[in-house]
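*Asks:* test case, fold it:
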Amino acid sequence: MPNFDLTKPPFSISPQQAADRVALDLVSAFGLIEHMPAPLSQPFAAILQAIGASGSEALAVAGKNLARDIDAGVGAGLGNGYHNRQHFCEVMLSACFLSLPEGLAMDEQLTVVFAAMAHDFHHDGKFNGPTPFRLERLAFNEARPYLEAAGISADQQGEIGALILATDVMHGISVARASDAYHHGQGLRPEIPPAAPELALLLDARKLTRMALLVCEADVLPSVGLTVDHALQVQACLAREWGKPLSVEDKVRFITEYFPGFIVGHFFQDNVAQILLSLAEKMAPNR
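*Replies:* Modelled structure (predicted):
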């Protein structure tokens, strides 16, 4: 079993940590996943240890059962180039890191980690298409039996659903960001899409909104906020899934036109700028 100790940096915050150093450490941690016999269960167990969970908590039990089944191939996106258990784990570990400076209680950390692991559960490698939240709703519906079996209350299930639905790139993230602005007195109360009524929970819960943003940003952190090499590696995986080539220009377009910048993960914003600079240098010889 590869060494996977989440009680040490980058998962143990120190004032000396710089964003570029943390990025290298996270990418290194991601590289261990593919060599693990249980690439979801082992990191999830390490997270439980790092946050001080006993493993007997209801949500920890649900997470262990979900991780076990994903490791066995259930809903794991094994035919997908990108939305597969490697991505599930990268997002889960990113959520773990982003939760550290937020002052979340252990049960809140468990909530964001579970939502991060489950956010693309049973992803079919296609787009949502004309149905908003199609894939996010699928993920939540498929993860729900694990929550019910562990005795998670309907109210908490709804909160986890809000975190998963918020990761919809076209509709969910904008609600989470608008809710955050609303809570800070910087915007109007946002409209809730009819297809995702669970997102209404964000309007009256500032902490839950922050947790939703955290999961959303964990979803894109490996793609835009670590290193240029990992950003391009992630894009290559997505190109395989879509069955079409994606260029450096495509990556720049995604970051500049579709990525609105980090809020919870503002620590990594300098990395985004460095990645864009590196991508521009790669494009220069072609001009």
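*Asks:* is it true that Leu165 touches Leu135?
*Replies:* No - under the criterion of CB atoms under 8 Å, Leu165 makes no contact with Leu135, lying 10.1 Å away. C-beta: built from backbone N, CA, C; applies to glycine.
*Asks:* neighbour count for these two, which is higher?
*Replies:* In this comparison of Leu165 against Leu135, neighbours counted by other CB atoms under 10 Å, the higher total goes to Leu165 at 28 against 24.
*Asks:* return the residues in contact with that one.
*Replies:* 133, 136-137, 140, 172, 196, 198-199 (CB atoms under 8 Å, 6 or more residues apart in numbering).
*Asks:* so what's it scoring on pLDDT?
*Replies:* Leu165 is assigned a pLDDT of 98 by the prediction.
*Asks:* cool, and Asp5?
*Replies:* Asp5 is assigned a pLDDT of 75 by the prediction.
*Asks:* who's in contact with it?
*Replies:* Asp5 sits next to Ala46 when contact means CB under 8 Å, 6+ apart.
*Asks:* that one and Leu32: what is the separation?
*Replies:* Spatial separation of Asp5 from Leu32 under the definition CB to CB, to the nearest Å is 11 Å.
*Asks:* just Leu201 next, same as before
*Replies:* Between Leu201 and Leu32 the computed distance is 35 Å (CB to CB).
*Asks:* Glu281 too?
*Replies:* Remark: distance between Glu281 and Leu32 (CB to CB) = 29 Å.
*Asks:* out of those two, which sits in the busier spot?
*Replies:* Regarding Glu281 and Leu32, a neighbour count based on other CB under 10 Å identifies Leu32 as having more, with 16 against 11.
*Asks:* average pLDDT for the lengthiest helix in the chain?
*Replies:* In the chain, assigned by DSSP state H, the helix with the most residues is helix 206-224. Taken as a whole, helix 206-224 has a mean pLDDT of 97.
*Asks:* helices and strands around it, which ones?
*Replies:* On a contact count with 3 or more CB pairs under 8 Å, 6 or more residues apart in numbering; DSSP states H and E, helix 206-224 meets helix 85-99, helix 106-118, helix 154-165, helix 172-183, helix 228-242.
*Asks:* quick one: closest of the ones you listed to Gly265.
*Replies:* Between Gly265 and the helices and strands packed on helix 206-224, the tightest spacing by CB to CB is seen for helix 85-99, at 5.4 Å.
*Asks:* chain center to that closest one, what's the gap?
*Replies:* Helix 85-99 has its average C-alpha position 5 Å from the chain's average C-alpha position, going by CA atoms, centre = their mean, to the nearest Å.
*Asks:* what mean pLDDT does it have?
*Replies:* The average pLDDT within helix 85-99 is 96.
*Asks:* and the angle for it with helix 228-242?
*Replies:* Computed by axes from the mean of the first three to the mean of the last three CA atoms, to 10 degrees, the angle separating helix 85-99 from helix 228-242 equals 140 degrees.
*Asks:* quick one: helix 85-99 to helix 206-224, angle?
*Replies:* Computed by the same axes, to 10 degrees, the angle between helix 85-99 and helix 206-224 is 130 degrees.
*Asks:* what packs against helix 85-99?
*Replies:* Contacts of helix 85-99 with other secondary structure elements, assessed using 3+ CB pairs under 8 Å, 6+ apart, are made with helix 19-33, helix 41-51, helix 58-71, helix 106-118, helix 206-224.
*Asks:* out of these, which is closest to Pro9?
*Replies:* Going through those one by one, with CB to CB as the measure, helix 19-33 comes closest at 6.3 Å.
*Asks:* so how far is that closest one off the chain centroid?
*Replies:* Relative to where its chain is centred, helix 19-33 has its mean C-alpha point 15 Å off (CA atoms, centre = their mean).
*Asks:* tell me the mean pLDDT over that helix?
*Replies:* Looking at helix 19-33 alone, the average pLDDT works out to 92.
*Asks:* would you mark the buried spots in it?
*Replies:* Using 16 or more other CB atoms under 10 Å as the test for burial, helix 19-33 gives 19, 22-23, 25-27, 29-30, 32-33.
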